[in-house]
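> I would like the atomic coordinates for the input below:
(3 chains)
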Amino acid sequence: MSIWEYANPVKFMRVSGAMLPWTVAAAVLCCVAGVVWGFLTPLDYKQGATVKILFLHVPAAMMAINIWVMMLVASLIWLIRRHHVSALAAKAAAPVGAVMTLIALATGAIWGQPMWGSWWEWDPRLTSFLILFLFYVGYIALWSAVEDPDSAADLTGVLCLVGSVFALLSRYAVLFWNQGLHQGASLSVAPGERMSAIYRYPLYLSMLGFFLLFLALLLIRTRTEIRKRRLAALIAREMRT
Amino acid sequence: MIALLKRDLVLATRAGGGFGLAVAFFLILCSLVPFGVGPQSATLRPVAPGILWVGALLSCLLSLDRIFALDHEDGSLDLLATAPIPLEGVVAIKALAHWLTTAVPLIIAAPLFGVLLQLPAAAMPMLVASLAIGTPALSVLGAFGAAVTVGLRRGGLLLSLLVLPLYIPTLIFGTEAIRRSAEGGQAGVALMLLAGISAAVLALVPFAAAAALRINLR
Amino acid sequence: MTPALLAVHDLAVARGGLRAVEGLSFTLDRGQALILRGPNGIGKTTLLRTIAGLQPPVAGRIDMPEDCVAYAAHADGIKTTLTVAENLGFWAQVFGGGGVDDALAAMDLRALADRAAGTLSAGQKRRLGLARLLVTGRPLWILDEPTVSLDQASVALFAAAIRAHLASGGAAVMATHIDLSLSEARHLDLTRFRAVPGKPSIPAGFNEAFA
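This next block holds a predicted model:
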């Protein structure tokens, strides 16, 4: 039995239908617990209460990037192995990723106003996220512009590949252009500069929550896409005969 | 393939080909900027490299949708796809024709517009060099965008949306090269990175564009 | 015996993500013409585009020598700002052939050679599009409704061109509703090969994968 069996629409619908309630429940639980726990943490001696936005900002930023990577993998699976559910999963993930990018940008702006004294700075990280958002918008727009689903899946797949390369390239080009004020990674594997455990554990929890939230939304949206395609297929067959 | 290049160049210069429009657009853009930011050379000089590059980029964008759309409408693209030229070659030649008819006039006219925007004379060679090195990448990436959107009725706007983010690295290194040389600094690194991007784009993107064309021809 | 110019084995082609024609097999030798028949929408255009290599088959095989197809469809690929001779000369150069003058003569376009193609009538454009086939030098012509907007004299001219092509060792597959009085041509009715809706193991597209 291979993992590719889940690429069968019928099988995917059955398994995802069984998973969905549990995923939604776990996502809500982890998100609420993570954010509330984060809110109850003591004030940071430098940043004050503003630090608490971290528990939304960091998980959203993490998911914004990870969702694009997931779309890239799904697109590759579609282009190479022609599993239709994979293409639909990439399509379903894109708006979630775009919203995650927006959340990261918006919470960043809200945090940046008191800390840096401005809502927006052309800092490399902020700029990279803006560029990532543009790629999400282009990808979503292409899906909705192409009528034939087979062409749309192929074209967006190619765009996702090219876009990934250029998103990465832009990330480093932006560093060359402006060194920036954004602090380093919030969670670092390097010893010595880790954030205090008081903040770290609720952050882990809300990251898990955001991941589960994405999984739940992805399942719901992919199921919707599959149903839409099934409907379109039935109509197409009716019209042919 | 040379026949295709010749035909595209002839078509661009015949009536309705749009040859020279990009330069006219570039001129208008450069003469509008001082109205927006003020006529003092102290305000114009720092923004000149960016305006010149953004202007060149937008002028290139204007004619991108013509790269494949006209050939798709009249059926030439179907016929070219069955011709003994690989589709990757068709893409490369079409991008080259776009570059010759759109970007080369821009590069030649750029120093003139540099004068309008108070760009220091010392930075002029770098302006021409960075445009000459960077614009081939703009044409090829534009051909990719045009290939993706070729069958769409309202492809023009989507084309800009897809292509402009891809232009960001080229834009950054292009303006950075001019800015550094205008400030009397070393522009070599920026220029080399720009050349690296152009080389990689020229080598790889035609394959992606040809793949997109094949999908759209089906 | 020389192998057939075109051999189609158990071919299935799809339009709009659904199989249109399946289980189609035929061979075509040099000197033969095949006329596809069938009601509108059965998939004649799709089949011709698949043979021409513009879209991949869903199943089956198409065997023919490399670079042997010249395709002509509803759109003729004519640039309106180029003259008739320039249009034809371009395709002659692309295909590495010659014979622009002969092609102009065969399609009775000599008097129009220096006119801009944009000033031609629909029928004259069509003749220019068909003259293009002559300069490609390709043996297998794939023709999709070649006689649209041609008058009777031009249809006769075109039939003569096809006959000459067949006589010189070429072959043609075409979809047409007009009788070209090509007595030697075979007819193939696609109605027999209409695809049965079902759920094949390799879906042709989204519309079959989710049916």
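> now C:Leu134: closest residue in space, sequence neighbours ignored.
C:Ala103 (3.8 Å; C-beta to C-beta, 6 or more residues apart in numbering or on different chains). C-beta here means a position set from N, CA and C on the backbone, and glycine is covered the same way.
> does the one you found touch C:Gly89 like I think?
No: C:Ala103 is not in contact with C:Gly89 according to C-beta atoms under 8 Å; the separation is 10.1 Å.
> which of these two has more neighbours?
Each of C:Ala103 and C:Gly89 has its neighbours counted (other C-beta atoms under 10 Å in any protein chain shown); C:Ala103 has more, 24 against 19.
> tell me the buried residues in the stretch of helix or strand the more buried one belongs to?
Per DSSP states H and E: C:Ala103 is located in helix C:100-106. If you call a residue buried by 16 or more other C-beta atoms under 10 Å in any protein chain shown, then helix C:100-106 has these buried ones: C:100, C:103-104, C:106.
> neighbours of the residue of chain B at minimum distance from chain C, how many?
Proximity to chain C, evaluated over chain B using C-beta to the nearest C-beta, is greatest for B:Gly75 at 2.6 Å. By the criterion of other C-beta under 10 Å, B:Gly75 has 18 neighbours.
> same question for the one 4 residues further on.
Other residues within reach of B:Leu79, judged by other C-beta under 10 Å, total 25.
> and C:Asp114, which of the three is it?
coil (DSSP: H, G, I helix; E, B strand; the rest coil).
> for the lowest-mean-pLDDT helix or strand in chain B, name the packing helices and strands.
None of the helices or strands of chain B scores lower by mean pLDDT, DSSP states H and E than helix B:2-13, at a mean of 85. Secondary-structure packing of helix B:2-13 (3 or more C-beta pairs under 8 Å, 6 or more residues apart in numbering or on different chains; DSSP states H and E): helix B:87-98, helix C:84-94.
> now what about that helix, what contacts it?
Here helix B:2-13 makes contact (C-beta atoms under 8 Å, 6 or more residues apart in numbering or on different chains) with B:17-19, B:80, B:85, B:90, B:93-94, B:96-97, B:100-101, C:79, C:81-82, C:86, C:90, C:93-94.
> just the buried ones among the residues you listed, please.
Using 16+ other C-beta under 10 Å as the burial test, those include B:17, B:19, B:80, B:85, B:90, B:93-94, B:96-97, B:101, C:79, C:81-82, C:86, C:90, C:93-94 as buried.
> what about the closest residue in space to B:Gly38 that isn't next to it in sequence, which helix or strand?
With C-beta to C-beta, 6+ apart as the criterion, B:Gly38 has its nearest non-adjacent residue at 7.7 Å, and that residue is B:Leu44. If you go by DSSP H and E, B:Leu44 is part of helix B:41-62.
> that helix to helix B:87-98, inter-axis angle?
140 degrees (axes from the mean of the first three to the mean of the last three C-alpha atoms, to 10 degrees).
> what residues sit buried inside the very next helix or strand once past helix B:41-62?
As assigned by DSSP H and E, the chain's next helix or strand after helix B:41-62 is helix B:66-73. By 16+ other C-beta under 10 Å, the buried positions in helix B:66-73 come out as B:66-72.
> which among those are in contact with chain C?
For chain C, the contacts drawn from the buried residues of helix B:66-73 by C-beta under 8 Å from any C-beta of the partner chain are B:Asp71.
> can you redo the buried residues of helix B:66-73 as JSON lines with pLDDT?
Listed next are the buried residues of helix B:66-73 as JSON lines, based on pLDDT from 0 to 100:
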{"residue": "B:Arg66", "pLDDT": "85"}
{"residue": "B:Ile67", "pLDDT": "89"}
{"residue": "B:Phe68", "pLDDT": "91"}
{"residue": "B:Ala69", "pLDDT": "88"}
{"residue": "B:Leu70", "pLDDT": "87"}
{"residue": "B:Asp71", "pLDDT": "89"}
{"residue": "B:His72", "pLDDT": "90"}
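> tell me where the chain has helices.
If you meant another chain, say so; for now it's chain A. Secondary structure of chain A, counting by DSSP state H: helices at A:9-39, A:54-81, A:84-116, A:124-145, A:149-177, A:197-240.
> not what I meant, chain B
Using DSSP H, helices in chain B cover B:2-13, B:21-37, B:41-62, B:66-73, B:76-81, B:87-98, B:104-116, B:124-148, B:155-166, B:168-182, B:188-217.
> who wins for proximity to A:Leu161 among those?
helix B:188-217 (7.1 Å; C-beta to C-beta).
> what does chain B put close to chain A?
Going by C-beta under 8 Å from any C-beta, the residues of chain B near chain A are B:144, B:148-149, B:151-152, B:154-155, B:158, B:161-162, B:164-166, B:168-169, B:172-173, B:176, B:190, B:193, B:197, B:205, B:208, B:211-212, B:215-216, B:218.
> near chain C, which of those show up?
Of the residues in those, proximity to chain C by C-beta under 8 Å from any C-beta holds for B:Arg218.
> whichever of the residues of chain B next to chain A end up buried, select them in PyMOL.
Here is the PyMOL command that picks out the buried ones among the residues of chain B next to chain A, judged by 16+ other C-beta under 10 Å:
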select buried, chain B and resi 144+148+149+151+152+155+158+161+162+164+165+166+168+169+172+173+176+190+193+197+205+208+211+212+215+216+218
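> enumerate the residues of chain A near chain B.
So far as C-beta under 8 Å from any C-beta goes, chain A lies against chain B at A:131, A:134-135, A:137-138, A:141-142, A:145-146, A:150-151, A:154-155, A:158-159, A:161-163, A:166, A:169-170, A:173-174, A:176-177.
> number of residues surrounding the residue nearest to B:Gly38?
Using other C-beta under 10 Å, B:Leu44 has 18 other residues around it.
> so it touches B:Ser31, yeah?
No: using C-beta under 8 Å, B:Leu44 is not in contact with B:Ser31, being 11.7 Å away.
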